[in-house]
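Engineer: Can you look at this prediction? I've put the sequence above it.
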Amino acid sequence: MNMNRKKIKILSLVPCFLLLVFLTGCATTDETEGLYKRLNTQITLFLNGPDKVLPDITFELSAINIIEEDGTAREVMNRPIGVNSHIVEGSQILLGEKALPEGRYKKLQLIVTEASIRKKGRTAHLALPPEGIEIDIDVSLRKHQNTTLFLNWNPDASIQEGYMFRPVFSVRSQTPELSSLLIYVTNEDSDNVSVINRQSGEIAATVMVGKKPRGIATSKNRDRLKVYVANSGSNSISVIDPTTNKIENEIPIRFGRRPEGIAVAGLSSEEDLLFVANYGSNSVSVVDTTTYQELEKIDVGRGPTAIAVDPSIDELITASFLSFEDINVLRSYRERFLNVYVVNQDSNDISVLRIDTATKKSVEVMTLGVEWRPVAIYVDYRRGKVYVANYDSDKLSVIDILQTVKGNIAGAVSVINNVGFSITGVVADPAFDRIYLLKESPGEIIIIKPFSGGFDYLKTVMPPVMGTISVGSSPKSLVMDPEGRKLYVVNRGSDNISVIDKTAKREERVISVGKRPYGIAVFPK
């Protein structure tokens with residue numbers, strides 16, 4: 001009897017225990033969601049070195065905190081960074097980036113653990129101020145925006161009384177830049193876009209976008225300059241105004257999932273069309289950039305990951321590799337149509353969409369087989385070719401645009417052999433008669449020479465490599481500047497951009513960006 005009573009008591013406590021667990025879980029979930037909602041803005045900090053410096057100062061920066069109006073300290077950086085005045089001379093260091101609650105912030109607190117100066121071959125330790133190192137700021141972090149601060153260090157004024165290290169910084173925020181000088185890089189794990197000034201070789205701004213940004217493209221309409229970012233994690237397109245580097249609009253992708261590749265086609269001097277490759281739904285979304293309406297969903301192959309379009313017909317003016325007859329065929333075709341080329345990574349083929357420029361609708365989808373795991377594409381209109389990089393093959397696929405225009409699918413694709421495996425990017429350079437291929441491992445650019453004539457058997461088996469250029473870790477994509485002087489390489493594994501001097505064939509600068517950078521874009525001439 002007593003045993004039964006004990007069982008009844010225990011059983012009666014079970015619902016109470018379960019209710020307590022449920023309420024605790026709800027409270028925890030609510031707190032987590034509340035915290036997530038509060039962390040709705042970003043800050044990015046850079047250290048800018050002086051153009052010229054005399055003292056050889058080194059200090060260890062172990063952490064940076066930002067202080068709210070009410071005195072609350074929030075961590076921005078907690079990984080030690082060694083800073084040397086000679087090394088940072090004329091360069092820029094990414095100190096840290098962090099998601100924070102919106103609000104007003106009044107100070108930066110730098111945690112410096114040690115400092116030293118080197119004179120005449122000898123190193124002397126410097127004392128640190130007992131009150132710590134703080135920098136006055138007055139910054140309001142706004143919802144869904146990134147605020148980038150640049151700390152300009154003056155080493156010449158940073159030592160007092162010969163032994164005390166009191167670093168002197170002037171703080172500035174991002175300012176508008178000339179759009180034609182800017183390069184845009186998506187940072188997938190930072191949910192933002194780094195804006196690089198090509199002239200200075202430094203970060204000019206950071207733009208907070210949607211979740212997991214991947215593909216990026218610039219507008220063709222010179223009167224309405226825009227930057228379009230495919231957010232694979234939030235199923236949307238962020239529209240950036242390059243005159244302010246602020247988000248102007250957010251376009252939801254309703255008919256597709258996981259947008260990755262993105263390309264812009266100019267229909268006229270006043271009208272652009274946006275094409276978005278949706279990896280998760282095996283489709284392409286067509287978006288009107290005037291109304292921001294999704295016009296059509298086009299089914300393509302499996303795993304569409306990259307996309308490219310026919311450029312302006314004006315490029316045919318300099319098409320010295322094409323015959324007069326070929327140019328006329330392309331001109332006649334472009335009076336009514338344009339081609340969109342979609343890389344289908346999982347089905348090892350390219351979908352060629354024939355778009356009626358009057359109706360903005362797809363009238364035909366051609367499928368061209370290529371090699372294993374295609375991942376990148378480039379349209380070389382001057383040669384009438386499209387190059388496809390195949391990650392799991394040592395062959396570069398070459399599509400003849402004229403054959404696709406004529407509907408000759410069987411004769412449209414040829415290959416260049418022996419270019420190497422793990423190719424992640426491709427850019428053609430007609431002025432130098434070269435093709436630049438990006439190799440993931442080891443990180444390097446492979447330079448090959450395209451064949452001027454047809455692709456007969458002998459040419460396809462000849463090793464075409466002319467040289468290599470080392471870059472960063474796990475490079476993902478690359479772009480050539482509008483002047484054709486430099487290449488910019490996105491190094492996904494090392495979170496930076498390699499700036500390549502094409503003539504000297506060397507890396508001349510490395511620019512730090514956000515986490516896991518993916519795509520890159522620049523405005524054309």
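Structural biologist: Sure, I can see it.

Engineer: can we go C-alpha only for contacts and neighbour counts from here?
Structural biologist: Fine.

Engineer: Pick out the residue closest to the middle of this protein.
Structural biologist: Centroid check for the chain by Cα atoms, centre = their mean gives residue 186 as the closest residue, at 2.5 Å.

Engineer: so how far is residue 237 from the residue lying closest to that one once chain neighbours are set aside?
Structural biologist: For residue 186, ignoring the flanking residues on the chain, the nearest one in space by Cα to Cα, 6 or more residues apart in numbering is residue 193 at 4.5 Å. Going from residue 193 to residue 237 by Cα to Cα, to the nearest Å gives 13 Å.

Engineer: Show me which of the two is the more surrounded one.
Structural biologist: With other Cα atoms under 10 Å as the criterion, residue 193 and residue 237 differ in neighbour count, and residue 193 comes out ahead with 31 against 28.

Engineer: What mean pLDDT does stretch 205-213 get?
Structural biologist: Within the predicted structure, the mean pLDDT of stretch 205-213 is 97.

Engineer: typed the wrong thing, it's stretch 73-91
Structural biologist: Per-residue pLDDT over stretch 73-91 has a mean of 93.

Engineer: just stretch 518-525 next, same as before
Structural biologist: Averaged across stretch 518-525, the pLDDT comes to 94.

Engineer: so how far is that stretch off the chain centroid?
Structural biologist: Remark: stretch 518-525 is offset 9 Å from the chain centroid, using Cα atoms, centre = their mean, to the nearest Å.

Engineer: list the buried ones in it?
Structural biologist: Buried positions in stretch 518-525, judged by neighbour count with 16 or more other Cα atoms under 10 Å: 518, 519, 520, 521, 522, 523.

Engineer: closest to residue 379 among the residues you listed?
Structural biologist: Using Cα to Cα, residue 521 comes nearest to residue 379 of the buried residues of stretch 518-525, at 14.8 Å.

Engineer: Could you list the low-pLDDT ranges of this structure?
Structural biologist: Along the chain, segments meeting pLDDT under 70 span 1-38, 451-463.

Engineer: Give the partner strands of the longest strand anywhere in it in its sheet and their orientations.
Structural biologist: Taking DSSP state E as the assignment, the strand of the chain that covers the most residues is strand 103-119. Listed by DSSP bridges, the sheet partners of strand 103-119 and their directions read strand 56-68 (antiparallel), strand 122-125 (antiparallel), strand 133-141 (antiparallel).

Engineer: and residue 346, which of those is closest to it?
Structural biologist: That would be, of the strands paired with strand 103-119 and by Cα to Cα, strand 133-141, which comes in at 41.9 Å.

Engineer: what's the next secondary structure element after the closest one?
Structural biologist: Towards the C-terminus, the helix or strand next in line after strand 133-141, according to DSSP states H and E, is strand 146-154.

Engineer: counting contacts, what elements does that next one pack onto?
Structural biologist: Applying 3 or more Cα pairs under 8 Å, 6 or more residues apart in numbering; DSSP states H and E, one finds that strand 146-154 contacts strand 41-48, strand 168-173, strand 202-208.

Engineer: which stretch among those strands comes nearest residue 500?
Structural biologist: Taking Cα to Cα as the criterion, strand 202-208 is the member of these that comes nearest to residue 500, at 14.6 Å.

Engineer: so the closest one versus strand 168-173, what angle?
Structural biologist: 50 degrees (axes from the mean of the first three to the mean of the last three Cα atoms, to 10 degrees).

Engineer: can I assume the residue nearest to the centre of the chain is in contact with residue 196?
Structural biologist: No: the pair formed by residue 186 and residue 196 falls short of the contact definition of Cα atoms under 8 Å, at 11.4 Å.

Engineer: possible to save the strands paired with strand 103-119 as TSV with distance to residue 413 and mean neighbour count?
Structural biologist: Conversion of these to TSV gives the following (distance: least, Cα to Cα, whole Å; neighbours: other Cα atoms under 10 Å):
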stretch	distance to residue 413	mean neighbour count
strand 56-68	55	20
strand 122-125	64	12
strand 133-141	52	16
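
Engineer: Tell me which of the ones you listed lies nearest to residue 200.
Structural biologist: Go through these one by one with Cα to Cα and the one that ends up closest to residue 200 is strand 56-68, at 23.8 Å.

Engineer: how far off strand 41-48 does the helix or strand that comes right after that closest one point, in degrees?
Structural biologist: Sequence-wise, the next helix or strand beyond strand 56-68 is strand 73-77, with elements assigned using DSSP H and E. Angle of strand 73-77 versus strand 41-48, following the same axes, to 10 degrees, is 60 degrees.

Engineer: Could you check how far residue 317 is from residue 267?
Structural biologist: For residue 317, the distance to residue 267 (Cα to Cα) stands at 18 Å.

Engineer: neighbour count winner among those two?
Structural biologist: Between residue 317 and residue 267, counting by other Cα under 10 Å, residue 267 is the more crowded of the two (19 against 9).

Engineer: Isn't that one up against residue 359?
Structural biologist: No: using Cα under 8 Å, residue 267 is not in contact with residue 359; the gap is 10.9 Å.

Engineer: Pick the most deeply packed of the helices and strands packed on strand 146-154.
Structural biologist: Ranked by average neighbour count under the criterion mean count of other Cα atoms under 10 Å, the helices and strands packed on strand 146-154 are headed by strand 202-208 at a mean of 24.

Engineer: What are the contacting residues of that strand?
Structural biologist: Residues from elsewhere that reach strand 202-208, judged by Cα atoms under 8 Å, 6 or more residues apart in numbering: 41-42, 44, 91-92, 144-148, 174-175, 177, 191-197, 245-247, 511, 513.

Engineer: Can you tell me which of the residues you listed are buried?
Structural biologist: Burial by neighbour count, judged by 16+ other Cα under 10 Å, picks out 41-42, 44, 91-92, 144-148, 177, 191-197, 245-247, 511, 513 from those.

Engineer: Could you report the neighbour count for residue 113?
Structural biologist: Around residue 113 sit 12 other residues, with neighbours defined as other Cα under 10 Å.

Engineer: I'd like the distance between it and residue 165.
Structural biologist: Taking Cα to Cα as the measure, residue 113 falls 11 Å from residue 165.

Engineer: got it, and residue 349?
Structural biologist: From residue 349 across to residue 165, the span is 61 Å (Cα to Cα).

Engineer: Show me the strands in the stretch 201-350 of the chain, by range?
Structural biologist: For the stretch 201-350 of the chain, the strands identified by DSSP state E, counting those that start in this stretch occupy 202-208, 213-218, 227-231, 236-241, 246-252, 259-266, 272-278, 283-288, 293-299, 304-309, 337-344, 349-356, in order along the chain.

Engineer: I meant the stretch 401-525 of the chain, not that one.
Structural biologist: Using DSSP E, counting those that start in this stretch, the strands assigned to the stretch 401-525 of the chain run over residues 413-416, 423-429, 434-439, 444-448, 465-470, 475-480, 486-491, 496-501, 506-512, 517-522.

Engineer: Dump those strands into TSV; add distance to residue 158 as well.
Structural biologist: Converted to TSV, these look like this (distance: least, Cα to Cα, whole Å):
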stretch	distance to residue 158
strand 413-416	58
strand 423-429	45
strand 434-439	43
strand 444-448	40
strand 465-470	37
strand 475-480	38
strand 486-491	34
strand 496-501	29
strand 506-512	25
strand 517-522	34
